[in-house]
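J.: just to be clear, the model below is a prediction. Sequence and coordinates:
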Amino acid sequence: MSMLAIGLLFAGVTLLFMMSGAPIAFALGAVAVVFMAFFMPAASLDTITQNVYEEMASITLLSIPLFILKGAAIGRSRAGQDLYAALHAWMSRVPGGLGIANVFACALFAAMAGSSPATCSAIGSAGIPEMRKRGYSPGFAAGIIAAGGTLGILLPPSITMILYAVAAEQSLGRLFLAGIGPGLLLVALFAAYAVMRYRREHRSAIAAHASHGTASAMLDVDTYTLRQKVEMLPRVLPFVILLIGVMIALYGGFATPSETAGLGALLALLLIAVVYGVWRVKDVAPILSATLKESTMLMFIIGMSLLFSYVMSYLHISQSMAQWIVALHLSKWLLLAAILLLVVVLGFFLPPVSIILMTAPIILPPLKAAGFDLIWFGVLMTIVMEAGLIHPPVGLNLFVIKNIAPDITLGQIIRGVIPFVGLMFVAVVLICLLPGIATALPDAVMGAVPGAR
Amino acid sequence: MSDPGGGLPHGAGADAALLAGGASLLPESAETGATPGIDPSTPRALLPLARALAAANRVMVGFGMLALLAASLVLTSSVVTRYLFKSSTDWQDETAVFLLVGATFLCGAFVQSIRGHVGIEAVSTLLSRKTDALRRIGVDLLCLAFCGLFAWKSWTLLHEAWVDKQTTSSSWAPPLWIPYLLMSLGMTLLSLQLIVHVAASVNRARAIAAGDR
């Protein structure tokens, strides 16, 4: 059978199994097994378990359950509301400050919890009602939270980045650092947009007030005394300290990324025990079982995706695809655009985890051949997959928002989110034009990589 | 039935638990009186097996919880001992790997029991109820075939590792039968769980066919 025929058959069977609605993990595993049985030596079926075990038994991959535990611990405490209340108080003087407070709260929470949906839910459940009470339009309020929540997979520790680092064989510490600049860029873009949009809504509220006397809640001004503001701080500080402490442990050379995950999970559990009194078995067990549920599902997908990639590479499908892409001799930027487009399309159907593991062996060699820095590309790919979390038809965050604010229609949420998707692509373009946004920080902290751009 | 992740591919079902505030983590079954983790369409003959699996899954989740905590402690101790005694130790990483691999495989059946392994369910909305019921049987059979094969090959791997006294390649060199045993047990439980689910799906399809007549 020709390479092309095997490749097409492989793609067809994968599509069929995935679209059948079978769990992603088992669908990928079954594709791998079917092709092993027909196209690989008979003995290869005997090694599937060893294969999966050896791929999974990496402490870097297995830090994922611990990062999820850290996020679940923080996500289930009142930390989100407290963080939000404090930022709200401190930003109350700035025009559009409430919107900015929401963006900042999402970013900080995402960095602590590392989960996009958990961020949406923790900050959104306090932030969306508050913004709407202040006269923000429902779509705008939902958009801020949905977009802010996606910062979770860009700011460290990000599960998506762990997988990318493993798949692309890049330094995880470096990749984490490379996400910070673009993360801050997105925070700035989101906040700037929030202020612009606020001023527009504020102007129309004033106009409405002047023409028919209906005073919108947007025109109310509330003030906090300095005392109130200072009183808000103690509850937030422990978490900011956790965030900074983990960063220092990681980059001060005290701990490996996986040790950071263990340390972070333990500290998060200790903090919620001390600050919020969450320490009884009946309080902690739900956190642990939620973690197990999510991490087991993810680790199964990861293990089976790796088996899938192994078969794809054994049959030379990924290599041939990669060679074929290289042989097209696309210009550098056209190649990048085409690959990012592919990621966007896959983002319609697949979670970031599967996108990375399934496509990395195909798309990374051509990018490397074209001279792109793979750390830098990892950041771009992460932002594009982030956009996949909020754009229709299946953006997860949209449904999370729908869940916490059931009276906002999906249409309103989507219209509110679209400008933020646009901002993400603006960020992608900016990072292409100025790669330093991503690479300057890791180069400064860990030294420049010889040979990279 | 409760179908976490129904229609959404992005792990929504699993995340919902994280988001559900203080609520119980086991999703409430749609039908009243149904036990969490037991498909209400399970045929009567298989109910004892389904109940036994539900009990086993609760035990496995308990193990998983302890494993998560233990892995956090082990990795933290690794940082502390390196800092205090300036000694590098190699047992922590491997211990954490064994604990976390074990937790993952042992809890696989639990996640399946609440249908928490996320799939792309978009197509199910396009099909008639009857066709969709048939699709579910096919999907469950596919999963069972794969997991059954995987469980079988795990046991042969375990046997090999036991007979040849295989160890990991580190200097600490713990025996490999430990993680292989956990993998074999977990995949076997998962296969049993899938047998129950196949039977339940067949039962549901028959009920739908009978209802249409």
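T.: Happy to help now that I have it.

J.: can you give me the helices for chain B?
T.: B:12-19, B:47-85, B:91-106, B:108-113, B:129-163, B:177-212 (DSSP state H).

J.: how distant is the last one from the center of its chain?
T.: When you say that, I think you mean helix B:177-212. Distance of helix B:177-212 from the chain centroid (C-alpha atoms, centre = their mean, to the nearest Å) equals 11 Å.

J.: packing partners of it?
T.: Contacts defined by 3 or more C-beta pairs under 8 Å, 6 or more residues apart in numbering or on different chains; DSSP states H and E place helix B:177-212 against helix A:48-56, helix B:47-85, helix B:91-106, helix B:108-113, helix B:129-163. The C-beta positions use only the backbone N, C-alpha and C, and glycine is treated the same way.

J.: mean neighbour count, mean pLDDT and distance to A:G7 for these - can I get that in TSV?
T.: Listed next are those as TSV, based on neighbours: other C-beta atoms under 10 Å in any protein chain shown; pLDDT from 0 to 100; distance: least, C-beta to C-beta, whole Å:
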stretch	mean neighbour count	mean pLDDT	distance to A:G7
helix A:48-56	20	92	21
helix B:47-85	18	93	39
helix B:91-106	24	94	31
helix B:108-113	28	95	31
helix B:129-163	19	95	22
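
J.: find the closest residue to chain A in chain B.
T.: B:L75 (2.6 Å; C-beta to the nearest C-beta).

J.: picking up where we left off before, so which of the helices and strands packed on helix B:177-212 gets nearest A:M299?
T.: helix B:91-106 (4.3 Å; C-beta to C-beta).

J.: in stretch A:131-143, which residues are buried?
T.: Within stretch A:131-143, the residues scored as buried using 16 or more other C-beta atoms under 10 Å in any protein chain shown are A:M131, A:R132, A:R134, A:G135, A:Y136, A:S137, A:P138, A:G139, A:F140, A:A141, A:A142, A:G143.

J.: swap that for stretch B:115-129, please
T.: B:R115, B:G116, B:H117, B:V118, B:G119, B:I120, B:E121, B:A122, B:V123, B:S124.

J.: ok, and of these, which contact chain A?
T.: Among the buried residues of stretch B:115-129, the residues lying close to chain A (C-beta under 8 Å from any C-beta of the partner chain) are B:G116, B:H117, B:V118, B:G119, B:I120, B:E121, B:A122, B:V123, B:S124.

J.: ok, back up a step: out of the helices of chain B, nearest to A:L61?
T.: Nearest of the helices of chain B (C-beta to C-beta): helix B:91-106, 9.0 Å.

J.: elements contacting the closest one?
T.: helix A:48-56, helix A:63-76, helix A:257-276, helix A:281-314, helix B:47-85, helix B:177-212.

J.: between helix A:281-314 and it, find me the angle.
T.: Calculated by axes from the mean of the first three to the mean of the last three C-alpha atoms, to 10 degrees, helix B:91-106 forms an angle of 90 degrees with helix A:281-314.

J.: show me how far helix B:91-106 is from its chain's centre.
T.: For helix B:91-106 - counting by C-alpha atoms, centre = their mean - the centre lies 16 Å from the chain centre.

J.: any idea of the pLDDT on the residue nearest to B:L134 when sequence neighbours are not counted?
T.: Counting by C-beta to C-beta, 6 or more residues apart in numbering or on different chains, B:L134 lies nearest to B:A205, which is 6.0 Å off, once chain neighbours are set aside. pLDDT, B:A205: 92.

J.: list the contacts for B:A205?
T.: Counting by C-beta atoms under 8 Å, 6 or more residues apart in numbering or on different chains, B:A205 touches B:K130, B:A133, B:L134, B:R136, B:I137.

J.: now do the contacts for B:S113.
T.: Contacts for B:S113 (C-beta under 8 Å, 6+ apart) come out as B:G37, B:I38, B:L53, B:A54, B:N57, B:Q193.

J.: mind putting the helices and strands packed on helix B:177-212 into JSON lines with distance to A:M321?
T.: Listed next are the helices and strands packed on helix B:177-212 as JSON lines, based on distance: least, C-beta to C-beta, whole Å:
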{"stretch": "helix A:48-56", "distance to A:M321": "21"}
{"stretch": "helix B:47-85", "distance to A:M321": "37"}
{"stretch": "helix B:91-106", "distance to A:M321": "30"}
{"stretch": "helix B:108-113", "distance to A:M321": "31"}
{"stretch": "helix B:129-163", "distance to A:M321": "25"}
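
J.: which one, of those, ends up nearest to A:L271?
T.: helix B:47-85 (13.3 Å).

J.: which strands and helices sit next to that closest one?
T.: Helix B:47-85 packs on helix A:63-76, helix A:257-276, helix A:281-314, helix B:91-106, helix B:108-113, helix B:177-212, going by 3+ C-beta pairs under 8 Å, 6+ apart.
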